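1. mind folding the following:
(one chain, ligands or ions: 3)
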Amino acid sequence: MLVGLCGGICAGKHAIAEYLIQHQGFQLLELSSRSPHHITDEPDDDLRLQTSDFSKTGEAQSEFVFDTADSLLDFATKRWQERWVTTDIANGEVLDRFLLRPFFLLVSVDAPVSLRWKRFSDRCRRRQLDPPDLEKFVLWNDRHLYEKDIGRVYLTDRAHMRLFNSSSSLKELHQSLQALDLADEQRLRPNWDQYFMQLASLAAQRSNCMKRRVGCVLVRERRVISTGYNGTPRHLTNCNEGGCPRCNRGDGGGVGLSTCLCLHAEENALLEAGRERIREGAILYCDTCPCLTCTVKIAQVGISEVVYSQGYNMDKDSAAILEAAGVRLRQFSPPSNGLIYLQGSVGTAAT
Ligand SMILES: [Zn+2]
Ligand SMILES: [Zn+2]
Ligand SMILES: [Zn+2]
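-> Ligands and ions are numbered 1, 2, ... in the order given. Predicted coordinates:
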């Protein structure tokens, strides 16, 4: 695999690359020259002249140095089963080409600006240089991230994983990284459960129901048979345009369900598939645990398994019916794509 690290000045991308190299068998891929418009981690030209290797921790000098991003990518493509890391993704076009490859993982690293300024100042002092004041650091940092066409924020925006490195020491950072295991190749593409649950969540985005957006996907032999989302029936006014008075009253969950005109996501998916195509082995993925009226229909049409991600307010009752009907039920919640904090206990994600 190839891990691309990007992030703000002194956020810790080089420290993370160094960790991957020393502890997880990664090797560094570098570009020999950077684009003339590329803003480096240097505070300004004056300081850069004094500190030629300031942007890097200095320890990770690679034996794999390339003239162009394409030659770097070609090299990694032929050896993708080994572990590679780079911090040299310099522009959006290069990133687009990297993102096409199935072995590439883009990881962004951020940290509080006050902490990054402190790290940077400490580094200056270790090199007998005057640290910049906070205002100068902030201006320079803004340019590094947001300057039109060359700022780095387009990289962090597209990251597969976003890390927040507020760790106070290298030891803490290393412990967090060890627990996180960036080298886990399962991050490179979704497994079947993730894939179908993400499709269900995508279907939910089409919902027009004022109460709750729900999406559902019916699958057999790992093929999608049908999809559904909740809303009023065809030719009726959409729920969010006033089509269902009950939903638009905004009462609590489950209140007045029998007067609701909205079809549920599961009902729509079952109607769309038809009993003929459902048959033995069909799995229903739904981003919300089915309600009672959907549950009895699921049992009747012969679904073999129900997978849901979020609970609803009658999960126990639904579970009892499905169990009695011989339908397997399990919860699968896709991993959060929120910010991952690299401090204390890892894995707490802000959503
Ligand atoms: Zn509705
Ligand atoms: Zn309704
Ligand atoms: Zn339902």
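
2. can you check the pLDDT for Pro43?
-> For Pro43, the model assigns a pLDDT of 49.

3. begin at 751 from now on, thanks
-> Sure thing, new numbering starts at 751, so read that last one as Pro793.

4. where does whichever residue of the stretch 801-950 of the chain sits closest to ligand 3 sit: helix, strand or coil?
-> Taking CB to the ion, ligand 3 has its nearest neighbour within the stretch 801-950 of the chain at Ala950, 13.6 Å off. C-beta coordinates here come from the backbone N, C-alpha and C atoms, glycine included. Three-state assignment for Ala950 (DSSP: H, G, I helix; E, B strand; the rest coil): helix.

5. tally of neighbours for it?
-> A count of nearby residues for Ala950, using other CB atoms under 10 Å, gives 29.

6. try Arg866
-> Neighbour tally, Arg866, other CB under 10 Å: 21.

7. equivalent analysis for Arg973, please.
-> For Arg973, the count of nearby residues is 7 (other CB under 10 Å).

8. and it, bridged to which residues?
-> Counting by DSSP bridges, Arg973 is bridged to Arg970.

9. from ligand 3, how far out is it?
-> 24 Å (CB to the ion, to the nearest Å).

10. what's the spacing between that residue and Arg1027?
-> For Arg973, the distance to Arg1027 equals 10 Å [CB to CB, to the nearest Å].

11. who in the chain is up against ligand 3?
-> Residues of the chain found near ligand 3 (CB under 5 Å from the ion) are His1014, Cys1041, Cys1044.

12. go again using 6 Å as the cut-off
-> Residues of the chain lying near ligand 3 by CB under 6 Å from the ion: His1014, Glu1016, Pro1040, Cys1041, Thr1043, Cys1044.

13. ok, those residues vs ligand 2, which is closest?
-> Nearest to ligand 2, judged by CB to the ion, of these is His1014 at 9.8 Å.

14. count of neighbours near that closest one?
-> 25.

15. check contacts around it.
-> Val964, Asn980, Pro1040, Cys1041, Thr1043, Cys1044 (CB atoms under 8 Å, 6 or more residues apart in numbering).

16. tell me the confidence at the last one?
-> What the model reports for Cys1044 is a pLDDT of 96.

17. okay, now the unreliable bits of the stretch 951-1100 of the chain?
-> Applying pLDDT under 70 to the stretch 951-1100 of the chain picks out residues 1094-1100.

18. that one: helices as residue ranges?
-> 995-999, 1015-1028, 1042-1051, 1065-1074 (DSSP state H, counting those that start in this stretch).

19. the second one near ligand 1 at all?
-> No. Using CB under 6 Å from the ion, helix 1015-1028 stays clear of ligand 1, coming no nearer than 11.2 Å.

20. now do that helix: distance to the chain's middle.
-> In terms of CA atoms, centre = their mean, to the nearest Å, the centre of helix 1015-1028 is set 30 Å apart from its chain centre.

21. quick one, that helix and helix 1042-1051 angle?
-> 0 degrees (axes from the mean of the first three to the mean of the last three CA atoms, to 10 degrees).

22. show me what contacts the spatially closest residue to Asn988 that is not a sequence neighbour?
-> Of all residues not flanking Asn988 in the chain, Asn958 sits nearest, at 4.2 Å (CB to CB, 6 or more residues apart in numbering). Shown in contact with Asn958 (CB under 8 Å, 6+ apart): Gly981, Thr982, Asn988, Cys989, Asn990, Glu991, Gly993.

23. and the third one, how many neighbours?
-> What that stands for is Asn988. A total of 15 residues lie near Asn988 under the criterion other CB under 10 Å.

24. give me the distance between it and Thr982.
-> For Asn988 relative to Thr982 (CB to CB), the value is 6 Å.

25. equivalent analysis for Ala767, please.
-> From Ala767 to Thr982 the distance is 53 Å (CB to CB).

26. more crowded one of those two?
-> Using other CB under 10 Å, the more surrounded residue of Ala767 and Thr982 is Ala767, with 25 against 21.

27. what about the more buried one, helix or strand, and which?
-> Under the criterion of DSSP states H and E, Ala767 resides in helix 763-773.

28. could you point out which element follows that helix?
-> Trace forward from helix 763-773 with DSSP H and E and the next one is strand 777-781.

29. give me the sheet partners of that next one and which way each runs.
-> In the sheet, strand 777-781 lines up with strand 814-816 (parallel), strand 834-836 (parallel) (DSSP bridges).

30. that one vs helix 763-773, what angle?
-> Interaxial angle of strand 777-781 relative to helix 763-773 (the same axes, to 10 degrees): 140 degrees.

31. give me the buried positions along stretch 1044-1058.
-> Using 16 or more other CB atoms under 10 Å as the test for burial, stretch 1044-1058 gives Cys1044, Thr1045, Lys1047, Ile1048, Ala1049, Val1051, Ile1053, Glu1055, Val1056, Val1057, Tyr1058.

32. need those in JSON lines with distance to ligand 1, can you?
-> Output for the buried residues of stretch 1044-1058, formatted as JSON lines (distance: CB to the ion, whole Å):
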{"residue": "Cys1044", "distance to ligand 1": "14"}
{"residue": "Thr1045", "distance to ligand 1": "19"}
{"residue": "Lys1047", "distance to ligand 1": "18"}
{"residue": "Ile1048", "distance to ligand 1": "20"}
{"residue": "Ala1049", "distance to ligand 1": "24"}
{"residue": "Val1051", "distance to ligand 1": "23"}
{"residue": "Ile1053", "distance to ligand 1": "23"}
{"residue": "Glu1055", "distance to ligand 1": "27"}
{"residue": "Val1056", "distance to ligand 1": "22"}
{"residue": "Val1057", "distance to ligand 1": "24"}
{"residue": "Tyr1058", "distance to ligand 1": "19"}
